[in-house]
Every structure is written in structure tokens, then in C-alpha cells.
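Peer 1: just to be clear, the model below is a prediction. Sequence and coordinates:
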Amino acid sequence: MAAAETTRTTRPTRPVPGTVRSAARKQRRLLLGGVLLGVAGVVSTLAQPAIVADLIEAAGRGDPVAGAIVLLAALFLLDAALSATQGYLIGRAGENIVRDARVLLTGRVLRAELAELHARRQGDLQTRLVSDTSLVKIALSQSLAQVVVNGLVVVGGVVMMAWIDFWLLLITLGCLGAASAASVWLARGLRRTALVNREDVGEFGAGLQRILSAVTTVKAAGAEGREQRGLAVLADRARASGTRVSALDALLSPAMNVGLQASLAAVMGAGMARVATGSLSAADFTGFVMYLFYLVSPLVLVFLGIGAYQQGRAAIQRVDELAALPQEEDGDETGDGAGPAGAAAVPAGERPAIAFEDVRFRYDGRTVLDGVSFTVPRRGLTALVGPSGAGKTTAFQLVERFYRPTGGTVRLDGRDIAGLPLAEIRGRVGYVQQDSPAMRGTVRENIAYAAPHATEAELLEAVRLAGLTEVVAQLPQGLDTPLGDQGVGLSGGQRQRLCIARALLQRPEVILLDEATSQLDADTEAALRDTLRTIAARCAVVAIAHRFSTVADADTVVVLEDGRVRATGRHDDLMERDELYRRFASAHLAGATGTAVPAGAR
């Protein structure tokens, strides 16, 4: 589509707060089960030092210790079983969260307004859908569970240490407090840096997608080195921000370790002195030291979990932004399909297939269509002609309701399309774009894309009408021949015919052809004109004409200029009364024999 005909509406983005968290809420049973098992593990863990202290005292008194040893071993095994089960439940919940988030976000992207999708980089969309959702899993399942469970171990350990000896606890907390403050500061900086890193990774993904989608052009232009250097710049930015993330993340554990080591040294010194004076028993001192050792790993894991959660929050922010994409809205019309208010009802068989009524459309403050009015009959071929930027492709996009007019009305079978369900509009209107998009998959899958339940006979008939029969016969696996990305494996003209076959298989009431014969050779284009005459006998065909021969065959020609309808009529009539059309025809008279109309005349 020509740049001048690119259109876009501007409507405020409606936020969808907590979209990712709603996916996490669906897994609350698994998450709660994992946390409860973690709590049970905490109880098992905290009981072990107390039993060891009792074991030391019993041994000192000469009492039997077999029962205490068996109980201690049972707690060790129970702790391991609880930890393994908790890890499974949390991991399963995390995978479910990622799956639900990806499905939800994919739906939001596929149903987003076209203007919003065109305004975003495709590589960044992919990064958010793939890698950012993986970080969301870590943030909403593993990290939170890790913080909760290990936090309980820390709290429980502190309570038990206070019960054993409050003064030793104060020494411990004094050393750990400074380390904890430093860790919190590092975690806050980690979140900010992680957000920058996610954006940088998205930029790299967008740059890579841009190149891969035009890799043939890159090679033909000998631009591999230049593009590689450009990607290297983006990769350097991602590396730099990623390195900062790694540096802050790496500092979290040492910061806590320093505090733990300092507290251990202070506790050992003060505790041994207390034991020597008899103010603290050896058993209690052993229990206190064991609790302190038990705090080492959980406390470090708490702050590592906080760091991972901060990185995940950055991903959640980016994913929620994606979930807030404005969505296409379905209509809710319940009227009888009559014309404008006050007009007499028109019998169904007499309504035009398409009607533009004083349609206006603006893009970025520029008027693209300005009071356009014309009708397309229910049968026959209608051609849209005019200079580049006249608004031809925009008119097609308004019919498909990819965009909404800023004024006036577009009607399909007499009904305002603003009130029709999107599925109905796009089921009744077939659209063949200028750039002939085809997707990775077989030829059969591409043709049947809009009508997946079509029979084999219907599919072969669409192939025949589009002039693809010989092409399919020459393919190594016929209709089941696989194509690469963007239809690699077929020529440009063959891809155009494939897309025409796709539209025909849909059996629409209206077919829109946006310069759909531009890449066909003269013989194929002549054969397709015969097909269009056959199709036009049963439905409306509207073509943006690339070749003048198509214009000359049209039942109706609509001439657009500067976003307005300049003239409407048949070829012979317009040749007599419209100077622009006459110049257009004279300049491209050779098109009747298959010569292409230059781009400037589109």
C-alpha cells in the first residue's frame, strides 16, 4: 500500500490492569498448595535444631537417644518429600500461568486494531509474548513462593532464637540489618535496570525481525555487513543493560553473606564467652548456632527471590502493556438494513452490495477521504482508478472495517457496517491484497485458510478459476507442497493467484481486488479477466485497477482524485466527459494488450 494511503485511527488505549495476575489467580489452588507444603516444611525444618539440642542434653544425662535420632531422621525425610512436592506444584502452576498468559495475549494481539499493530515493531511483540512471559512465570510462581516459604523459615528461626537467648539475637539482627538494607537497595535498582534490559532485548528482536522479513532484499543490496553492524549496536545495548542486571543480581547474595558471616563471628565469640561463664548452656548455644546456620540459605534465597521478582515485575509491566492494546469492536446493529434515517426501505434484492455515503477519513491530521459517495451493484465489475494517494486502498480498508470512517457511512447490503459483527463483514467480503500474502504451510492450507471446511471439489474449483491448475500440477506434492515463510516456493504472480483462489473459496458476496493482477503475465491476466467476468455474474467484484485492460472491461468505473469522487461511469462515457480519465486512458492505452500501468497512475 502506498505510503500516502496508509491510514490510522487514534482512539485512547483502554488499560487492562492485572491481566497477567488474573492468569496467576486461576492457579491459586496449586500455588496455595505449594505454599502450604512449604509451610509444613518450615515447621519440619525449625523443629530439627530443637530436637538436636534435646538430643545433646539427653546424651549428657545418659538417657536413651534412639527415639530422638529416629525422629530427626524422619524429619529429614519429610522435609525432602515436602520440598520436592512443593517444587512440582509451584513449577506446574508457573507453566499454567505462562500458557494462559500467552493464549490470552495472542488473542489480544490478533484482535487488536490494525493501526496499533502497524505502529508496533513485530520483533518486540514476539519478545513480549515469548521471553517476557517466561519471566512472568518466575515472578508470579517461583519467586513469590520462594520469598514466602523462606521468609517463614527466617521469621520462625528468629522467633526460636529469641526464645533461646534474646541478647544473642540482638547481636545477630544488628549484623543482618545492615546487610538487609543494602540488599533492598540493590533489589530496587535491579528492577529499574531489568526494565531497561527488557526494552533493549525487545529492540534487538524488532531489528532482527525487520531484517529476516526482507532477507532477500538485504542480500540483493549487499547490505549483510551493514545490517550486521546495526544489529551489533542493538546487541551491545542489550549486553550493557544485561551486564548491569547481572552485576546487581550478583551483589545480592554477597551482601547477605557478609552480614551472615559477621553475625556468625559475633555470635560465636559472645556465645562461647557465655558458655564459659555458665550463663548459657552448651545445648542452647548449639541450638542457637544451628538456627543461625539454618537462616543462611533461606535469607539469601529471600533476597534472591526478591531480585528475581523485581526482574519479573519489569516483564509484567511490558506484558500488561501488550494486553492493553485497543481491540476491534463488534457491531450491535439490529435494524432492518434500510438506508439513512428517513429514507424509504429498499427491497433486499435492490440494495447495492456496497454504498459509500459522504464518507470522510483523516490520518495524522491529513484528509484521506473527503465526502466520498458511490455505490457498487450486487453483480458486475467495478473499477477504482486514480492517482497514487487518491484513497483507493483506504476505501477497501474501510469496507473491511480495518479502520472506521471519521464521518459518513459505509454500507454492506444496505446495512451500516459500523453495526455489523466483524465475522459477518469478513465472511461476506473477500479481500485480495496488493502484496499477495502467503504463509508457511502447504498450498492447500493457504488456499483453504478462510474456509477450512471446504470440500475437495470446492477447493479444486477455486484453483481452476484462479488459473492455478497447471501450477499445482507441476508442484512436487501438488496441493500438499509446503511453502516457506511469505509463500517462498511460488513466484509473485503465483502467490497472487493463490490469494485469489483463497478469496474465491470463501464464496463471498463481494470480492475486493487491490491491484491483485499486478504481477501476472499478459496471458494469465487475460485468463483471469475471463474468470472475473464469470465471478462478477454472481457477485460484486471491486478492483483497484493496475492494468487498463481491467478498467476497460469494468461495468462501472469510479475515478478518485485527492480523496474525492471525480467521476463515475463506463469507460466509453468517461473517455468523452472526464479529462483526467482521458489522460489516464491515453497514457496507458497499451495496457489493453497487457502493459502495466505505471505506479504513478494508480
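Peer 2: Looks like it came in fine. Residues are numbered from 1 along each chain as shown.

Peer 1: from here on, contacts and neighbour counts on C-alpha atoms
Peer 2: Noted.

Peer 1: all strands for the protein, in order.
Peer 2: 354-363, 366-376, 380-385, 407-412, 415-416, 429-432, 441-442, 482-483, 510-514, 540-544, 556-561, 564-569 (DSSP state E).

Peer 1: now render those as a markdown table, adding mean pLDDT and distance to Thr277.
Peer 2: Output for the strands of the chain, formatted as a markdown table (pLDDT from 0 to 100; distance: least, CA to CA, whole Å):
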| stretch | mean pLDDT | distance to Thr277 |
| --- | --- | --- |
| strand 354-363 | 92 | 86 |
| strand 366-376 | 92 | 90 |
| strand 380-385 | 91 | 103 |
| strand 407-412 | 94 | 93 |
| strand 415-416 | 94 | 94 |
| strand 429-432 | 89 | 92 |
| strand 441-442 | 88 | 82 |
| strand 482-483 | 88 | 85 |
| strand 510-514 | 90 | 95 |
| strand 540-544 | 90 | 100 |
| strand 556-561 | 91 | 102 |
| strand 564-569 | 91 | 101 |
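
Peer 1: Ile500: which of those strands is closest?
Peer 2: Comparison of these against Ile500 by CA to CA identifies strand 429-432 as nearest, at 6.1 Å.

Peer 1: so what strands line up beside the closest one?
Peer 2: strand 510-514 (parallel) (DSSP bridges).

Peer 1: for stretch 271-289, buried residues please.
Peer 2: 271, 274, 280-289 (16 or more other CA atoms under 10 Å).

Peer 1: my error: substitute stretch 535-554 in the last question.
Peer 2: 535-536, 539-554.

Peer 1: tally of neighbours for Leu168?
Peer 2: Residues within reach of Leu168, counting by other CA atoms under 10 Å, total 21.

Peer 1: tell me the domain ranges of the protein?
Peer 2: Structural domains assigned to the chain are 14-323, 350-591, following automatic domain parsing.

Peer 1: average pLDDT across the longest one?
Peer 2: For domain 14-323, the mean per-residue pLDDT is 76.

Peer 1: how far does it sit from the chain's center?
Peer 2: Relative to the centre of its chain, domain 14-323 is centred 26 Å away, using CA atoms, centre = their mean, to the nearest Å.

Peer 1: check the shortest one too.
Peer 2: When C-alpha coordinates are averaged (CA atoms, centre = their mean), domain 350-591 and its chain have centres 29 Å apart.

Peer 1: could you shift the numbering so residue one becomes 10, and keep it that way?
Peer 2: Okay, residue one is now 10; in that scheme the one you just asked about reads as domain 359-600.

Peer 1: tell me how many other residues crowd the nearest residue to Pro307 once chain neighbours are set aside.
Peer 2: Excluding the flanking residues, the one nearest Pro307 by CA to CA, 6 or more residues apart in numbering is Asn159, at 4.8 Å. By other CA under 10 Å, 25 other residues sit near Asn159.

Peer 1: next, the contact list for Asn159, please.
Peer 2: Counting by CA atoms under 8 Å, 6 or more residues apart in numbering, Asn159 touches 51, 307-308, 310-311.

Peer 1: check Pro349 and give its pLDDT.
Peer 2: 44.

Peer 1: try the one 3 residues further on
Peer 2: For Ala352, the model assigns a pLDDT of 41.

Peer 1: identify the residues contacting the spatially closest residue to Arg137 that is not a sequence neighbour.
Peer 2: For Arg137, ignoring the flanking residues on the chain, the nearest one in space by CA to CA, 6+ apart is Val328 at 6.0 Å. Taking CA under 8 Å, 6+ apart as the criterion, Val328 is in contact with 29, 137-138, 141-142.

Peer 1: possible to save those residues as a markdown table with distance to Val481?
Peer 2: Below are those laid out as a markdown table (distance: CA to CA, whole Å):
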| residue | distance to Val481 |
| --- | --- |
| Val29 | 46 |
| Arg137 | 39 |
| Leu138 | 36 |
| Asp141 | 42 |
| Thr142 | 41 |
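
Peer 1: of all the residues you listed, which comes closest to Leu243?
Peer 2: Distance ranking of those against Leu243, using CA to CA, places Arg137 first at 16.9 Å.

Peer 1: what's the neighbour count on the closest one?
Peer 2: 26.
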